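# next one to model:
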Amino acid sequence: MLVSAKDMLVKAKEGHYAVGQFNINNLEWTKSILLTAQELNSPVILGVSEGAGKYMTGFETVSAMVKAMDKGLGITVPVALHLDHGTYDGCYKCVEAGFTSIMFDGSHYDIEENVAKTTELVNVAHHLGLSIEAEVGSIGGEEDGVVGMGECADPNECKRIADLGVDMLAAGIGNIHGKYPEGWPGLRFDVLDAIQQKTGAMPLVLHGGTGIPAEMIKKAISLGVSKINVNTECQLSFAEATRKYVEAGKDLEGKGFDPRKLLAPGADAIKATVKEKMELFGSVGKA
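A predicted model of the protein is given here:
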């Protein structure tokens, strides 16, 4: 059974570890992540961007697939199905589709409109027992066509949004989506520390977890980060393994062209990446 992300993140914050949000893109992604979470006895959050939701023919399809797979695989660890970087309308669509957690990305609105829309969505989510994440300060890179420069959030604005009753807060601290460029200066731990001081027990979220050095990840967790988002790294692992399979001519041997065989190396690569991240985040054995 799927659950909201709230309880798992409160436990993570208290236990000084982080729960991974691994974005799903299709059946293979979902299956690989769920099986790895079960194997490692780790809570997990399945993230779905609006673009990925559209690709998978809609949020209702995604929700039905995840719920059926969770049951069919006999998954017993806590699993949350979470809208990643949701628009105002997208949040309502995911609520209707049966997601257990939503993120409203109001970071491109001015603070007053962000506050108004976040307040409304907090009330809707909590009335239905869902968890809700909000964002302050744009995360760098590109996410479904939205490009941010990696601005740092204002700690006072973070407190204002946190005080609206959201369950988790994503704050820009120099992190970006996708691959990190040469010369990236690193995470701004001074900003993260200031946000933590202002928001107290609120679980903080680090977007753009792909490519951040392990020591930076560990330090971020020590400063209150309880949820870390990973997407690009799984995509890169999947692509590399699939490329090797094809370049080795395996798809030309016997029934190597069968998608179950063709996609298997990529699915295994996703499992390996998820395992590596869960171990780094400290969530293994915490279900």
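# where does pLDDT dip in the stretch 101-250 of the chain?
137-151, 177, 209 (pLDDT under 70).
# now do the helices in it.
111-127, 155-162, 189-199, 214-222, 232-247 (DSSP state H, counting those that start in this stretch).
# which element is the residue nearest to Met1 when sequence neighbours are not counted on?
Nearest in space to Met1, with sequence neighbours left out and distances taken as CB to CB, 6 or more residues apart in numbering, is Asp70 at 7.2 Å. C-beta here means a position set from N, CA and C on the backbone, and glycine is covered the same way. Taking DSSP states H and E as the criterion, Asp70 maps to helix 59-72.
# quick revisit: so for Gly172, which of the helices of the stretch 101-250 of the chain sits nearest?
Among these, helix 189-199 comes nearest to Gly172, with 8.3 Å by CB to CB.
# what does the closest one contact?
Contacts with helix 189-199, where a contact means CB atoms under 8 Å, 6 or more residues apart in numbering, come from 152-153, 155-156, 158-159, 162, 169, 171, 173-174, 204, 219-220, 223-225.
# repeat that for stretch 218-227.
The contact list for stretch 218-227 (CB under 8 Å, 6+ apart) reads 5, 9, 12-13, 16-21, 45, 133, 168, 173, 187, 189, 192-193, 195-196, 199, 202-206, 212, 228, 280-282.
# buried subset of those residues?
5, 9, 12-13, 17-21, 45, 133, 168, 173, 187, 189, 192-193, 195-196, 199, 202-206, 212, 228, 280-282 (16 or more other CB atoms under 10 Å).
# looking at the contacts of stretch 218-227, which are in strands?
Val19, Gly20, Gln21, Ile45, Glu133, Met168, Leu204, Val205, Leu206, Ile228 (DSSP state E).
# read off the pLDDT value for the residue lying closest to the fourth one once chain neighbours are set aside.
Spelled out, that is Ile45. Using CB to CB, 6+ apart and skipping residues adjacent in sequence, the residue nearest Ile45 is Gln21, 4.0 Å away. For Gln21, the pLDDT comes out at 97.
# quick one: residues contacting Gln21.
Applying CB under 8 Å, 6+ apart, we find Gln21 in contact with Val44, Ile45, Leu46, Gly47, His82, Asp84, Val205, Lys227, Ile228, Asn229, Val230.
# partners of it in the sheet?
Ile45, Asn229 (DSSP bridges).
# distance of it relative to Ala134?
15 Å (CB to CB, to the nearest Å).
# His127 too?
Counting by CB to CB - His127 and Ala134 are separated by 17 Å.
# now Val115
10 Å.
# now the common contact residues for the two.
Counting by CB under 8 Å, 6+ apart, the residues touching both Val115 and Ala134 are Ile161, Leu164.
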